[in-house]
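1. Here's a sequence, model it:
(chains A, B, C, D, E and F)
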4 protein chains.
Amino acid sequence: MPIQVRSAFTVEAIFDACIQVLLEGGIERLTTTRVAERAGVSIGSLYQYFPNKQSLMAAVLERHLLRVVEAIEQACSQCKGQTVDTMAAAVVDAFMTAKLQDAATSRALYAVAAEVGGAEVVALLTQRSQLAICDMLATAADHRYKDLAVISFVLSTAVVGPVQALLAAKAPSRLATAVRSQLKTMVAAYLREAASQPIERSAL
Amino acid sequence: MPIQVRSAFTVEAIFDACIQVLLEGGIERLTTTRVAERAGVSIGSLYQYFPNKQSLMAAVLERHLLRVVEAIEQACSQCKGQTVDTMAAAVVDAFMTAKLQDAATSRALYAVAAEVGGAEVVALLTQRSQLAICDMLATAADHRYKDLAVISFVLSTAVVGPVQALLAAKAPSRLATAVRSQLKTMVAAYLREAASQPIERSAL
Amino acid sequence: MPIQVRSAFTVEAIFDACIQVLLEGGIERLTTTRVAERAGVSIGSLYQYFPNKQSLMAAVLERHLLRVVEAIEQACSQCKGQTVDTMAAAVVDAFMTAKLQDAATSRALYAVAAEVGGAEVVALLTQRSQLAICDMLATAADHRYKDLAVISFVLSTAVVGPVQALLAAKAPSRLATAVRSQLKTMVAAYLREAASQPIERSAL
Amino acid sequence: MPIQVRSAFTVEAIFDACIQVLLEGGIERLTTTRVAERAGVSIGSLYQYFPNKQSLMAAVLERHLLRVVEAIEQACSQCKGQTVDTMAAAVVDAFMTAKLQDAATSRALYAVAAEVGGAEVVALLTQRSQLAICDMLATAADHRYKDLAVISFVLSTAVVGPVQALLAAKAPSRLATAVRSQLKTMVAAYLREAASQPIERSAL
DNA sequence: CATGAATGAGGTTTCATTCAT
DNA sequence: TATGAATGAAACCTCATTCAT
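-> Residues are numbered from 1 along each chain as shown, chains lettered A, B, ... in the order given. The predicted structure is shown next:
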């Protein structure tokens, strides 16, 4: 029992240290030695929990993305049966809040995502978010959708770009507020439009 | 004069070699030695044209992004005075075509962008595209906008996420077609909506 | 008492595990952790029985060599009073049978011998075998020898090379059979010759 | 031209340094860093000529064995048409002289041979020596042989063991002299015997 | 006594960059 | 100007060994 507690503490310390190192020096200063030092742990211990640097980066990234996905899932489940406008606002709010609350971490992790293999990572985020969004949209009070797969794909990825740009630009919060409002507008408009105007039947 | 021509050829060869190496082994196999070898140039010569690895990567990335930006600028200038729906379709088409035509290169360059400093890079793309979009929207036949800055920011970044996701997932072209059509719908709906409902005056 | 029994079992398990690990991955995959794991024993326990890795390897090697030496000793004591030809055949048979019966283990242990210090190890084998061979030759029915020390040295080491080569080459058993027969011929011829033609008196 | 000279010097320096390091600290002190230091060369240069530690060790070992093999080949070619006794003496002399002239190096390299893969290495020595011995024996003035393959195998490997034992024991030269004389006796006796008494026809 | 998490010295290897030729 | 051998800091990772539990 105390063994597991110690282990958990060590792993947690390594996670935190990894993000700190990332924030300080970017991905090119992210070395296993530095992470271990910052975590107050020997390099050997680090390698007991993570077989190599990649797996450490992947774990840190996954933990971060999981939080974002969970925020979206929660928002989606709370909006079931509501109007499409409410849903749009909720999803945008959930995503932006999760991403911007510790913007620095999010920003630092983009490089990690690129290194660790964007494909699987984005897949993780996209897959689960899309499922949640599908479930939610199917219960919309004011509209019905065919091809929910494509719609939820577009919706879940369309908000990524603006947030990424805000993070990269270290934009002031005024701009963030304006963008958030605009994204709600955009998503809501899209959801209304996509319902009345079904997509080409050739699509997936 | 012939010297400059030779230089230009050499630089071009290095650019191409860099992308080839990137495609073959990803960013972690991207070494200056390998690039020089592939380009048929000595490592010493490479360092005569680029003071260090960073500058080489930045240059390659810049060349790629410039093409995308130019595609958008051209589309924007050709749509002046048209309806908002036409504009939406044109911008989406320009961006997606530019990005997806050699998807592999785009995918490979994401890691480079992350390493070389996402901020400045995204800034480059965003700034110039936004300017072009602003100019275009100001001439729309059917709508008038205030706060063009925010609207063009959202518009230019909103299309990035879906394309990135398509690239990362190595998605089939059927999905790409469907997404393209949906993005046009989304952007058009947004532009119509944003005109009638002005954004908060507090924003930037 | 039961404690000692348990100890003996544990040590035996460690010995076996050591050889298994050696067979699987060669000496560069031979780590104390792996041996302990394979033996179903904690690394701490392993270090209770062997103060360090060297001593473990030495013990495993010694156990193996002891078996070979004992086979030779037994063969020697059974041949006392016989002719030199019988003795030659018996010694060659004893050595080759002992070495080739689990050829894989013998092969794997060569690297261990080299690492653990060839000198002492070969000394162990040579010393005791030579003593046994000396004793045997002194009782030969058909010949008398001076300088038994040198003769037994040559005899006991001359058979090592061919067997080593057979092991290294993973030679088919047909070749092994032919070599065995030839070695008997060689040793017998040598013993007959060495008796009638005494060695230089300058030798040891 | 000067480039190639410099390269050759560097490689030679690395070879020598490798043997020196081996002599000083045994194989467990043989590290690439130490070799480079001792050679007065940067670690980077070492890795320009040898892609990894294994290849360095293999090259050093090969160079040593080649010298031994060449000594045997030369002795064999010089004895063609002579009697079997002369041949025996020549081969034993060639091998022992080559091995014992810098005994320390030979000793140090045994561990290397074990690590680098005994099989291929012994194969190298055995194959070429055996060929040379076969050629020589076929011209013997006083005897004819069938199954030269097996005979040369036994002959070439039988001298290895005693020399190895001498090296391992750091034996005094008196013993070495005595052993050398005995080995000549043994090999000569064997060659005379093997001619009149053909081996089993079942053999390879 | 047993356990196995923790340690950290030290190993191998890479690669951006320089500079003598 | 072009070359590519040389450099060496620094990265990743292993594993024998210890010791608190």
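
2. Would you mind giving the domain segments of chain A?
-> With domains defined by automatic domain parsing, chain A comprises A:1-50, A:58-196.

3. Return the distance of the residue of chain A at minimum distance from chain C relative to A:Thr10.
-> When scored by CB to the nearest CB, chain A has A:Gln48 as its residue closest to chain C, at 11.0 Å. Using the backbone N, CA and C atoms, a C-beta is placed for each residue, glycine as well. As judged by CB to CB, to the nearest Å, A:Gln48 and A:Thr10 stand 8 Å apart.

4. Those two: who's more crowded?
-> A:Thr10 (18 against 13; other CB atoms under 10 Å in any protein chain shown).

5. Okay, and that one sits in which element?
-> For A:Thr10, the enclosing helix or strand under DSSP states H and E is helix A:2-25.

6. Tell me, how many residues neighbour A:Gln101?
-> What A:Gln101 shows, counting by other CB under 10 Å, is a neighbour count of 11.

7. After the helix holding A:Thr10, which helix or strand is next?
-> Next along from helix A:2-25, by DSSP H and E: helix A:32-39.

8. In chain A, what residue comes closest to DNA strand E?
-> Going by CB to the nearest atom of the strand, DNA strand E is nearest to A:Gly44 of chain A, at 1.8 Å.

9. what inclination does the longest helix along chain A have with respect to helix A:2-25?
-> Longest helix of chain A, by residue count under DSSP state H: helix A:103-137. In terms of direction (axes from the mean of the first three to the mean of the last three CA atoms, to 10 degrees), helix A:103-137 departs from helix A:2-25 by 110 degrees.

10. quick one: is helix A:103-137 near DNA strand F?
-> No - shown here: helix A:103-137 not in contact with DNA strand F (CB under 7 Å from any atom of the strand), separated by at least 10.4 Å.

11. Give me the distance from that helix to the chain's centre.
-> Helix A:103-137 sits 5 Å away from the centroid of its parent chain (CA atoms, centre = their mean, to the nearest Å).

12. Low-confidence bits of chain A, can you list those?
-> Across chain A, the ranges flagged by pLDDT under 70 are A:1-4, A:118-119, A:121-122, A:196-204.

13. re earlier: show me what the helix or strand that the longest helix of chain A is followed by is packed against.
-> Next in sequence after helix A:103-137, counting helices and strands by DSSP H and E, comes helix A:148-158. Contact here means 3 or more CB pairs under 8 Å, 6 or more residues apart in numbering or on different chains; DSSP states H and E; on that basis helix A:148-158 packs against helix A:103-137, helix A:173-196, helix B:160-168, helix B:173-196.

14. what residues does stretch A:44-51 touch?
-> A:Ser7, A:Thr10, A:Val11, A:Ile14, A:Thr32, A:Val35, A:Ala36, A:Ala39, A:Leu56, A:Ala59 (CB atoms under 8 Å, 6 or more residues apart in numbering or on different chains).

15. Could you find the closest non-adjacent residue to the fifth one?
-> When the adjacent residues along the chain are set aside, A:Thr32 lies closest to A:Lys53, with 5.4 Å between them (CB to CB, 6 or more residues apart in numbering or on different chains).

16. Could you measure from that neighbour over to B:Arg6?
-> Counting by CB to CB, the gap from A:Lys53 to B:Arg6 is 42 Å.

17. The two: which is more packed in?
-> Neighbours per residue (other CB under 10 Å) separate A:Lys53 from B:Arg6, with A:Lys53 holding more: 17 against 10.

18. got the residues of chain A near DNA strand E?
-> Residues of chain A lying near DNA strand E (CB under 7 Å from any atom of the strand): A:Ile3, A:Arg6, A:Ser7, A:Thr10, A:Val41, A:Ser42, A:Ile43, A:Gly44, A:Ser45, A:Tyr47, A:Gln48, A:Tyr49.

19. Quick check: PyMOL command selecting the buried ones in those residues.
-> Buried members of the residues of chain A next to DNA strand E, defined by 16 or more other CB atoms under 10 Å in any protein chain shown, are picked up in PyMOL with:
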select buried, chain A and resi 10+41+45
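
20. farthest-separated two in the residues of chain A next to DNA strand E?
-> Distance extremes for those: the farthest pair is A:Ile3 and A:Ile43 at 20.7 Å, using CB to CB.

21. SS state for A:Ala171?
-> Recorded secondary structure, A:Ala171: coil (DSSP: H, G, I helix; E, B strand; the rest coil).

22. cool, A:Pro51 as well?
-> coil.

23. Then A:Glu70?
-> Three-state assignment for A:Glu70 (three-state DSSP): helix.

24. For chain D, see how far away it is.
-> A:Glu70 sits 46 Å away from chain D, going by CB to the nearest CB, to the nearest Å.

25. what's that residue in contact with, if anything?
-> Counting by CB under 8 Å, 6+ apart, A:Glu70 has no contacts.

26. which element is the nearest residue to A:Arg180 once chain neighbours are set aside on?
-> Among residues not flanking A:Arg180 along the chain, A:Met96 sits closest, at 5.3 Å (CB to CB, 6+ apart). Using DSSP H and E, A:Met96 maps to helix A:84-101.

27. burial of the closest residue to A:Thr86 other than its chain neighbours, as a residue count?
-> The spatially closest residue to A:Thr86, leaving aside those adjacent along the chain, is A:Cys79, at 5.8 Å (CB to CB, 6+ apart). Applying other CB under 10 Å, we find 22 residues neighbouring A:Cys79.

28. Likewise for A:Arg144?
-> 11.

29. Now do the helix holding A:Thr10 against helix A:32-39: the angle between them, please.
-> 110 degrees.

30. Helix A:2-25 and chain B in contact?
-> No - under the criterion of CB under 8 Å from any CB of the partner chain, chain B is not reached by helix A:2-25; the shortest gap measures 11.8 Å.

31. list the buried ones in that helix?
-> Within helix A:2-25, the residues scored as buried using 16+ other CB under 10 Å are A:Thr10, A:Val11, A:Ala13, A:Ile14, A:Phe15, A:Ala17, A:Cys18, A:Ile19, A:Gln20, A:Val21, A:Leu22.

32. Would you convert those into TSV that also reports distance to chain C?
-> Below are these laid out as TSV (distance: CB to the nearest CB, whole Å):
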residue	distance to chain C
A:Thr10	19
A:Val11	20
A:Ala13	24
A:Ile14	21
A:Phe15	25
A:Ala17	26
A:Cys18	26
A:Ile19	31
A:Gln20	31
A:Val21	29
A:Leu22	31
